[in-house]
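Colleague: Everything below, folded, please.
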Amino acid sequence: MAKDRLSNAAPPETVISIIGPGMKVVGDCQTDGTIRIEGTVEGSVRAGKAVVIGKDGLVDGTVVTQDAVVSGRLKGTLTAESRLELQATSRIEGEVFARRMQLEEGAVLNGTVHMGDKRGARPVEQPTSEPLEPVGVREA
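Modeller: Sure, this is the predicted structure:
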């Protein structure tokens, strides 16, 4: 009987996981499918298909997914490898990496936006401009 239930299970990428209103997750969330956040997440969120942050949802951390729709708040880094939609009620503070982005009037985005294909979206770290001091050398 348990085998019958397992064989009828939906493929992981079609499953929608929900963090409901009033729920708070401290830590990392990961799914092959879609995750909808109506509560609070402090940590990282990784979804193989999509992340939806509802109007009252809050993420304080990192989001990595194919498609993202934000109606709530995000403080941190968001990477949408395919498409990002920022709805009118969204508030983002941080860094955004997206191939394509739709921004509705009223949405607030304070931070840095990197757009383009996957290869060019992430910036290359630049060396610091401060001179390095030699190790083990003392001035007299």
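Colleague: Output the below-cut-off pLDDT ranges for this structure.
Modeller: Applying pLDDT under 70 to the chain flags residues 1-10, 12-13, 117-140.
Colleague: Please report the distance of Glu81 from Leu103.
Modeller: 18 Å (Cβ to Cβ, to the nearest Å). From N, CA and C alone the C-beta is placed, and that goes for glycine too.
Colleague: Is Met23 in contact with Glu42, as I believe?
Modeller: No: assessed by Cβ atoms under 8 Å, Met23 is found out of contact with Glu42, at 11.9 Å.
Colleague: give me every residue that touches the residue most central in space within the chain.
Modeller: The residue lying closest to the centre of the chain (Cα atoms, centre = their mean) is Val63, at 1.6 Å. Applying Cβ atoms under 8 Å, 6 or more residues apart in numbering to Val63 gives the contacts 44-46, 51, 53, 74, 76-79.
Colleague: Next, count neighbours for Leu109.
Modeller: Other residues near Leu109 come to 18 when the count uses other Cβ atoms under 10 Å.
Colleague: The strand or helix carrying it pairs with which strands, parallel or anti?
Modeller: Using DSSP states H and E, Leu109 maps to strand 108-115. Here strand 108-115 is paired, per DSSP bridges, with strand 91-103 (parallel).
Colleague: now the strand it pairs with, how far from the chain's geometric center?
Modeller: 9 Å (Cα atoms, centre = their mean, to the nearest Å).
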